[in-house]
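> Could you work out the structure for the sequence below:
(chains A and B)
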Amino acid sequence: MEPSIVLAPGATDSALCSMLATLIRQTLDEDPSKKPVVARMSGRIAIVAPDLDQSLTLLFDGQRVELHAGIVGIPDITVRAPAEWIMKMSLIELTPRLRLPNPRGKIMREVFEASHDGTIEVHAAPTSVPLLLRFTRLMSVV
Amino acid sequence: MSSEEGFDFPSDAWTAAYKDALNGSERYREAGKPWTFGAVAMVVSADPALGLDEDMGMILDVHQGHCNSTNLVRGMDAVADTPFVIVAPYARWRQVIEGELDPIKGMMEGKLKLTQGNLPTMIRYVESSRELVSSASRVPTRFRA
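Reported below is the predicted structural model:
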């Protein structure tokens, strides 16, 4: 089934929501092998960009991705990072076969370092790790 | 007008100077090498208060770190066939040219809008995109306001 990417009411005014919705749509068009990945995603992911004073929540229910401005509900995963890093996380290298984040990749190592020094904060329960890995794969443009 | 005084933005002279700035930039030559996705248009939205009665676009025919040509055009129809189009009000372009606004961050804030083109490509080659737009800051510029 074709996943639908929609902006919730109120999210149309959020530049970050619109940009991420466009990014997800175009990424799925470019790489249809990611569509089954979306079908296996269920949960809420919040992204906070303090330097932009913006946040958004992505709701995944397996068929639909809904983007909300602000934090909506209790997120399974929260990523807090400056705008530059949010963009950079789309460049995380994936392993060739399993399409998991490649720990040897240059960007991945930079993300590790930024997480270590507190520039990037990722809050997720261990049970949400599969959602996080799928999200990384979905958003990766490399 | 001499380049010391600055070129009026936007104008044919400014657009030509932008091409020279790009081709004279070692940073753009390096960062732009992977870019093989066609021309980029930077469009200044119409603002009659500033004497811009219609949208004005600078089309940059860039390929692998080299700018082959530039063209100043009027109206959005003139950029319809350009693969990538970035639109912003005059004040935002001024911030970019003066180095006060990072173009990628500006897009995330909605201050600059990618109205045409593939966003994953822009992100994949983010340094090419950033350096292309940021190179405008190397053009001596005289602003309207």
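> need the residues of chain A near chain B, please.
Contacts of chain A with chain B, taken as CB under 8 Å from any CB of the partner chain, map to A:14-16, A:18-19, A:22-23, A:26-27, A:30, A:49, A:51-52, A:54, A:83-84, A:86-88, A:90-91, A:141-142. Yep, even glycine has a C-beta here, placed from its N, CA and C like the rest.
> Filter those down to the buried ones, ChimeraX style.
Here is the ChimeraX command that selects the buried residues among the residues of chain A next to chain B (16 or more other CB atoms under 10 Å in any protein chain shown):
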select /A:14,15,16,18,19,23,26,27,49,52,54,83,84,86,87,88,90,91,141
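> Relative to B:Ala16, how far out is the residue of chain A at minimum distance from chain B?
Ranked by CB to the nearest CB, the top residue of chain A for proximity to chain B is A:Ala15, at 2.6 Å. Distance of A:Ala15 to B:Ala16, computed by CB to CB, to the nearest Å: 32 Å.
> hang on, the earlier thing: what's the closest non-adjacent residue to the residue of chain A closest to chain B?
Counting by CB to CB, 6 or more residues apart in numbering or on different chains, B:Gly110 is the residue found nearest to A:Ala15 once chain neighbours are left out, at 2.6 Å.
> For the one you found, the count of nearby residues, please.
Residues near B:Gly110, counting by other CB atoms under 10 Å in any protein chain shown, number 18.
> do A:Val72 as well
By the criterion of other CB under 10 Å, A:Val72 has 19 neighbours.
> what about it, which SS state?
Following DSSP: H, G, I helix; E, B strand; the rest coil, we place A:Val72 in the coil state.
> same deal with the one 3 residues further on?
For A:Pro75, the secondary structure call by three-state DSSP comes out as coil.
> Next up, the contacts around it.
For A:Pro75, the contact set (CB atoms under 8 Å, 6 or more residues apart in numbering or on different chains) comprises A:44-46, A:57.
> B:Tyr18 too?
Each residue near B:Tyr18 by CB under 8 Å, 6+ apart is listed here: B:58, B:60, B:67, B:70, B:135-136, B:139.
> Can you name the residue of chain B nearest to chain A?
Residue of chain B nearest chain A, by CB to the nearest CB: B:Gly110 (2.6 Å).
> which helix in chain A runs the most residues?
Determined from DSSP state H, the single longest helix within chain A is helix A:15-30.
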